[in-house]
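Undergrad: got a predicted structure here, sequence first:
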Amino acid sequence: MFKLLLFLHLLAAIFAVGPLVGAATTSARALRHSDAAAASSAARMVRLYSYVSVVVVVLGMGLMSQKAPWDKTHEVADIGDTWIWLSLLLWVCAMALSLGVLAPSLTKATAEIGGTGSARSLVGRVAATGGAIGLVYAVIVVLMVYQPGG
């Protein structure tokens, strides 16, 4: 069961978090080119993949509760492990940035492009938020690989 959950957790991370980070980090391009359709699409992708990233967390929790194949007497991890709670905290921050800042900014930009033809005032916010989301997920990957305090 451990290997199945690990496989599903990694697969979900690749197919949910990957597109989320991709959309987040490239969405400012739509604003620079005044492309309302691309901005709207990016907002939709950010929302969708943010919600789908919950599957990664749920599978990770399931994986965490499995008996470690290298030590059948202990579970893989505990919620009190530094790398676990810090990863969860960072994921919540990424969700807040995605759903609370980036997606609404892209939606607002879509309306501005449709109205005035430009959303230049939002380019900085969108680019910075997209970059921050990418960095947060990169730190989560580092925590998952190195497991400090675990």
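TA: Nice, I can see it.

Undergrad: for the longest helix anywhere in the chain, give the mean pLDDT please.
TA: Ordering each helix of the chain by length in residues (DSSP state H) puts helix 36-64 first. Helix 36-64 shows an average pLDDT of 95 in the prediction.

Undergrad: give the buried residues for that helix.
TA: Under the neighbour-count criterion of 16 or more other Cβ atoms under 10 Å, helix 36-64 has 36, 38-43, 45-47, 49-50, 53, 55-57, 59-60, 62-64 buried. All C-beta atoms are positioned from the backbone trio N, CA, C, and that covers glycine.

Undergrad: tilt between the helix or strand bottoming out on mean pLDDT in the chain and helix 36-64?
TA: Every helix and strand in the chain was compared by mean pLDDT, DSSP states H and E; the lowest is strand 71-75, with a mean of 74. Calculated by axes from the mean of the first three to the mean of the last three Cα atoms, to 10 degrees, strand 71-75 forms an angle of 120 degrees with helix 36-64.

Undergrad: which residues does the closest residue to Val21 other than its chain neighbours contact?
TA: Leaving out its chain neighbours, the residue that sits closest to Val21 by Cβ to Cβ, 6 or more residues apart in numbering is Gly134, at 5.0 Å. Contacts for Gly134 (Cβ atoms under 8 Å, 6 or more residues apart in numbering) come out as 21, 24-25.

Undergrad: much appreciated, bye for now.
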